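In: I would like to see how this sequence folds:
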Amino acid sequence: MSKKLFAEVIGTFILVFFGVGSAVLMGEQIGFHGISVAFGLSIVAAAYGLGAISGAHLNPAVSFGMVAAGRMSGREAALYSLAQIAGAILGALVILMIASGRAGYDLAVNGLGQNGYGAGYNGEYSMIAAFLFEAVATFLFVTVILGATQSGAPAAFAGLAIGLTLTGIHLVGINVTGVSVNPARSIGPALFAGGGALGQLWLFIVAPLIGGVVAGMVHAVGLTRASDAG
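Out: Below is the predicted model of the structure:
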């Protein structure tokens, strides 16, 4: 288990370093499209590099979706989640340290790639719109993950399918919430950004967890391969 947890720390660090790092360090140069690709590539890298060790969940919503699907215990999911949050915090800290080396960078002004909604944030979508997007997008994301990693699925393409799905989700919703679909990814930057990011953090914990658990339940009932379901 210690190897699995360490892999989750490193994998979530990769996700935040690539994804959040692209937004903070290169956002003006690459725009929303580039940031979307960076998040997707981070998943591909972690999946193929670390998936054989821990499954490369990198996301509490995925881990608890696995619990709902009957593929993981609640204790394991809780330990995975703690490791994922630790990795996200470390990733956000490193990005902050790098960004602080640029003349004119101000955390309060430039932010740290934190998620958000409402007045002053990207497209200024409402809380209800943000919650709906995060819940639905996480449901779709975890559904793809569960399907791509079940027995009988073409394992060689799982990481690519999952990474492309996350890219697509960002292309749809980065202007809505910055896209979380992952409580750990949101917790890391918010802890350093503080203020409004912390005040809105609850949404990026609750909505993805709901979406992930519902995806796990649906998978267990109706999307598991017939041979696996008996």
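
In: residues near the nearest residue to I98 once chain neighbours are set aside, how many?
Out: With sequence-adjacent residues excluded and distances taken as C-beta to C-beta, 6 or more residues apart in numbering, I98 is closest to L25, at 6.6 Å. (Glycine included, C-beta is placed from N, CA and C.) By other C-beta atoms under 10 Å, 17 other residues sit near L25.

In: so how far is L50 from L25?
Out: Using C-beta to C-beta, to the nearest Å, L25 is found at 23 Å from L50.

In: and the residue nearest to I98, what does it touch?
Out: 95, 98-99 (C-beta atoms under 8 Å, 6 or more residues apart in numbering).

In: Helices of this protein, residue ranges please.
Out: Ranges of helices within the chain are 2-54, 60-68, 74-99, 107-110, 127-149, 158-177, 183-193, 195-199, 201-218, 226-229, based on DSSP state H.

In: pLDDT on the second one, on average?
Out: Throughout helix 60-68, pLDDT has a mean value of 97.

In: Stretch 158-177 now?
Out: 95.

In: Run the chain-centre distance for that stretch.
Out: 10 Å (C-alpha atoms, centre = their mean, to the nearest Å).

In: Contacts made by it with the rest, please.
Out: Contacts for stretch 158-177 (C-beta under 8 Å, 6+ apart): 32-33, 35-37, 39-44, 47-48, 51, 56, 115-117, 122-123, 125, 129-130, 133-134, 137, 140-141, 144-145, 148-149, 179, 181, 204.
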